[in-house]
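A.B. asks: give me a 3D structure for the following:
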Amino acid sequence: MFDLQSCLVFLQQHRGQFRIRIYERENFGGQMHELMDDCESLQDRYYMSDCQSCNVMDGHWLMFEQPSYRGRMMYMRPGEYRNLRETGMGHMMRISSIRRIMDLC
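C.D. replies: This is a model prediction of the structure:
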């Protein structure tokens, strides 16, 4: 399980823009949506039942297994993630909501 408290020690507060591109399929395939703010439900907002790859362009993000930022989560820092199933706990979860990491406190 991801331990947010221990990870926050290594993060610097991000003061700029937040941008992430999420993709329905691995290797940046399928539907693509660019987010600049939190998304409580990928299904409700974009009619996406899952996210299998992403490109974090700005900021630090948390991806959650359930809507409304509940369930297990994965921390995503800037970079390209061609297959979320191969990163940490990604193989065991479906992404249903996404939130920016805004505060360190």
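A.B. asks: which secondary structure element contains the most centrally placed residue in the chain?
C.D. replies: By CA atoms, centre = their mean, the chain has its centre lying nearest to Met63, at 3.5 Å. Assigned by DSSP states H and E, Met63 belongs to strand 61-66.
A.B. asks: for the next helix or strand after that strand, which helices and strands make contact with it?
C.D. replies: Scanning forward in sequence from strand 61-66 by DSSP H and E, the next helix or strand is strand 70-76. When contacts are defined as 3 or more CB pairs under 8 Å, 6 or more residues apart in numbering; DSSP states H and E, strand 70-76 sits against helix 4-8, strand 61-66. Quick note: C-beta positions are derived from backbone N, CA and C, even for glycine.
A.B. asks: can you list the strands that strand 70-76 pairs with?
C.D. replies: strand 61-66 (antiparallel) (DSSP bridges).
A.B. asks: what lies in contact with the partner strand?
C.D. replies: 4, 18, 20, 51, 54, 69-76, 84, 93-101 (CB atoms under 8 Å, 6 or more residues apart in numbering).
A.B. asks: quick check: mean pLDDT of that strand?
C.D. replies: Summarised as a single mean, pLDDT over strand 61-66 is 94.
A.B. asks: element containing the residue lying closest to Cys39 once chain neighbours are set aside?
C.D. replies: Nearest non-adjacent residue to Cys39, counting by CB to CB, 6 or more residues apart in numbering: Ile98, 4.8 Å away. Using DSSP H and E, Ile98 falls within strand 97-100.
A.B. asks: one step back: show me the contacts for the residue nearest to Cys39.
C.D. replies: Ile98 makes contact with 20, 22, 35, 38-39, 42, 51, 61-64 under the criterion CB under 8 Å, 6+ apart.
A.B. asks: now, of these, which are buried?
C.D. replies: The neighbour count (16 or more other CB atoms under 10 Å) marks 20, 22, 35, 39, 42, 51, 61-64 as buried among the contacts of Ile98.
A.B. asks: among those, which one lies nearest to Glu80?
C.D. replies: Nearest to Glu80 out of those is Ile20 (CB to CB; 11.0 Å).
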